[in-house]
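**Student:** Compute the structure for the input listed below.
(2 chains)
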Amino acid sequence: MTRKEYSEILVPNVEHDYKYYEEKYPSRNLSNGEMVTRFAPSPTGFVHMGSLYASFIDLVMAKQSNGIAYLRIEDTDQKREVENGIEGIVKDFKNLNINFDEGPSFGGNYGPYIQSERGDIYRAYVRKLIEEDKAYPCFCSAEELDEQRNIQELEKERIGYYGVWAKCRTLTMDEALEKVKNGEKYVIRLKSPGNFNNKVILHDLIKGNIEMPENDMDIVILKSDNLPTYHFAHAVDDHLMHTTHVIRGDEWVSSWNVHEQLFKVLGFDLPNYAHISPLTVKEGNTIRKISKRKDPWAAVSYYHQKGIPTEVIRLYLATINNSTFEAWYLQNPGKGIDDFKFEFDKCPIGGSLFDIQKLISISKVYFSSLKATEVYDGVLNYTKEYDQEFNELLVKYKDYAINILNIEREIPRPRRDISAYEDVRTYTWYMFDELYYKEAKFNLEKEYNIELLKDYVNNYFDQNDSKEDWFNKIKELAPKYGYASETKAYKAEPEKYKGSIGDVCEAIRVAVTSLTMTPDLYEILKNLGKERVIKRIEFFEENQK
RNA sequence: GGCCCGUUGGUGAAGUGGUUGAACACACAUGCCUUUCACGCAUGCAUUCAUGGGUUCAAAUCCCGUACGGGUCACCA
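**Tutor:** Numbers count the residues shown, from 1 in each chain, chains lettered A, B, ... in the order given. Predicted coordinates:
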């Protein structure tokens, strides 16, 4: 029997041979420097901050090099399958408005992009390896393997299936065939040509050179369920899909020697590797990876619910991903992520602690850079889903709402109070009568002079005043009631006055908004208009009693 | 336990042998300015880069040991 026939018995029902696939997926026509990257999650749940971080780097590196970033689903472990896992991931990315160039439901010429649909392809290459005597069937059971592991541990030997421990390696074709005939289950293992005493060096784009022993483990490449292991699928897929840069979590560093060997054995060119460190969180004294279950902000739904735009998350990921991004971003107003040149060697090597406070601060800067109409559109969209009542008010008073959102905005140093769309209501509710008369509460620590307030609104206030006139009038009003019209004068001789002009403004502010802290009072009064100010002062009078 | 990686302030970090008496940003504190808050400005916040030793005229930066943290050692990815 030839080795070819042997391989066909061991790996049955394969439609094409590997040469067919080599032809079917020709090299991509890449010009200089164009990167092909891939984000390759296993569908065990929904998209979270960690996957977003990894995919962010894939996308940004591909995009800035004019290359291609594709999505590949690694679902070769049927036990871990989650219902609708694949659809969930694709949907999450689409909802976030993150688009890959190729992938399930994105299209592309190098598919299928779901590994469970690529079984035939892997098997064709497994056959090739068996035929070339670079792989062999292994009939060891899980129990036997466990036992062997225990012995190795006891004897302080390196653990694994290698050298003399690789029992099935020496099986002859006839012996193996006999077992197959008897219906014994088997897997296909790589016949590793490596020597543990040799060194291989990973030239990692992020971590630098890492030296490790050559792989000598006869790792499993095809499981008994006829699906490949991660290692084998990685080699075959990234070869056929012509990935130029494998960007993945650094938990893979230690198995890189396996991958390097697999590429060599299969006759593939080795891609570049960039191993990224995970997003972490501190819990007591230990550091752990972020977790969907334990960290609420790890879920993308958290941001959706609060109304934090995807762009903010991307900005945050950009700042932790490339150390020089933040300074650049602050110095180049109007520019965005796409204008920045990201580099692998600026990526963090150790883990990055996720800092929600920092994200919020980035969000505030982001919101402060938006135009009022943009905030309006965004908040309208947000409240449609999360705050029907406020949404109706925004629709009803569109122009008014935009004016309010424009207070202290589109100026050289805009306010930075909004960090999410959910904050908009918190900062503007009192400007809407429907909410104001229902929700205003006066927890007064001091009493305010109603006469002064009435005098002000009836005899001084004019909606059309310029800010300067407005302030001059307050200065005129203040002394009438014993307040200093200049803060300095008050500070110099506090005993001579009831208070300063600041106290006068505070009285007006509280009477009109029920709050002691609001944006510019002039703008607020101007937007409310005389009639409503009068009404609010009357309302205040009733409530102060 | 073997192999690999990391350790700079409350946080993210810059830094690859000498303009570092350790940048920048976030957070925090105080003060100034001010109609409030915010913004802004000023100041403070690591006498020191986990630790011990070595190389050097010179080390956060190079070498060795130790401690601590992380990863990995599956028919999981």
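**Student:** Does residue A:109 belong to a helix, a strand or coil?
**Tutor:** Secondary structure, DSSP: H, G, I helix; E, B strand; the rest coil: residue A:109 is coil.
**Student:** Now do it: how many residues are near it, please.
**Tutor:** If you count neighbours by other CB atoms under 10 Å, residue A:109 ends up with 10. C-beta here means a position set from N, CA and C on the backbone, and glycine is covered the same way.
**Student:** Tell me the spacing between it and RNA strand B.
**Tutor:** Per CB to the nearest atom of the strand, to the nearest Å, residue A:109 is found 22 Å from RNA strand B.
**Student:** That residue and residue A:69, how far apart?
**Tutor:** Using CB to CB, to the nearest Å, residue A:109 is found at 15 Å from residue A:69.
**Student:** How about residue A:530?
**Tutor:** 58 Å.
**Student:** Repeat that for residue A:85.
**Tutor:** 21 Å.
**Student:** again with residue A:26
**Tutor:** Taking CB to CB as the measure, residue A:26 falls 20 Å from residue A:69.
**Student:** and what of residue A:118?
**Tutor:** Applying CB to CB to residue A:118 and residue A:69 gives a distance of 19 Å.
**Student:** Tell me which of these two has more neighbours.
**Tutor:** The residue with more neighbours, out of residue A:118 and residue A:69, is residue A:69; 28 against 21, by other CB under 10 Å.
**Student:** excluding its backbone neighbours, what's nearest that one?
**Tutor:** residue A:62 (3.6 Å; CB to CB, 6 or more residues apart in numbering).
**Student:** My reading is that the one you found lies in a helix. Confirm?
**Tutor:** Yes - membership of residue A:62 in a helix is supported by three-state DSSP.
**Student:** residues contacting it?
**Tutor:** A:35, A:36, A:37, A:68, A:69, A:101 (CB atoms under 8 Å, 6 or more residues apart in numbering).
**Student:** So it versus residue A:229, what's the distance?
**Tutor:** Residue A:62 is 27 Å from residue A:229, by CB to CB.
**Student:** Against which helices or strands is the helix or strand residue A:202 falls within packed?
**Tutor:** Secondary-structure element containing residue A:202, defined by DSSP states H and E: strand A:199-204. Judged by 3 or more CB pairs under 8 Å, 6 or more residues apart in numbering; DSSP states H and E, strand A:199-204 is in contact with strand A:208-213, helix A:256-266, strand A:272-276.
**Student:** mind listing what's buried in the longest one?
**Tutor:** By that I understand helix A:256-266. Of the residues in helix A:256-266, A:256, A:257, A:258, A:259, A:260, A:261, A:262, A:263, A:265, A:266 count as buried by neighbour count, 16 or more other CB atoms under 10 Å.
**Student:** Just give me how far it sits from the chain centre.
**Tutor:** Distance, stretch centre to chain centre, for helix A:256-266: 31 Å (CA atoms, centre = their mean, to the nearest Å).
**Student:** Sitting in strands, which of the contacts of residue A:62 do you find?
**Tutor:** Secondary structure from DSSP state E places A:36, A:37, A:68, A:69 of these in strands.
**Student:** nearest to RNA strand B, of these?
**Tutor:** Closest approach to RNA strand B among the ones in strands among the contacts of residue A:62 (CB to the nearest atom of the strand): residue A:37, at 16.2 Å.
**Student:** picking up where we left off before, quick one: which of the helices and strands packed on strand A:199-204 is nearest residue A:505?
**Tutor:** Residue A:505 lies closest, by CB to CB, to one member of the helices and strands packed on strand A:199-204: strand A:272-276, at 52.1 Å.
**Student:** in chain A, which segments are predicted with low confidence?
**Tutor:** Residues of chain A that meet the criterion pLDDT under 70 lie in A:284-286, A:545.
**Student:** I'd like the distance from the closest residue to RNA strand B within the stretch 51-200 of chain A to residue A:260, if you could.
**Tutor:** Residue of the stretch 51-200 of chain A nearest RNA strand B, by CB to the nearest atom of the strand: residue A:74 (2.9 Å). For residue A:74, the distance to residue A:260 (CB to CB) stands at 19 Å.
**Student:** same check, this time on residue A:444
**Tutor:** 73 Å.
**Student:** With residue A:332 as the reference, name the closest of the helices and strands packed on strand A:199-204.
**Tutor:** strand A:272-276 (25.1 Å).
**Student:** What pairs with the closest one, parallel or antiparallel?
**Tutor:** Strand A:272-276 has these partner strands in its sheet, going by DSSP bridges: strand A:245-249 (parallel).
**Student:** Residues touching the strand it pairs with, excluding its own?
**Tutor:** For strand A:245-249, contacts defined as CB under 8 Å, 6+ apart pick out A:35-38, A:40, A:54, A:57-58, A:61, A:205, A:234, A:238, A:271-276, A:278.
**Student:** residues contacting residue A:302?
**Tutor:** Contact analysis of residue A:302 by CB under 8 Å, 6+ apart lists residue A:296.
**Student:** Residue A:507: which element?
**Tutor:** Assigned by DSSP H and E, residue A:507 falls in helix A:501-513.
**Student:** Buried residues in that helix, which are they?
**Tutor:** By neighbour count with 16+ other CB under 10 Å, helix A:501-513 contains the buried residues A:501, A:503, A:504, A:505, A:506, A:507, A:508, A:509, A:510, A:511, A:512, A:513.
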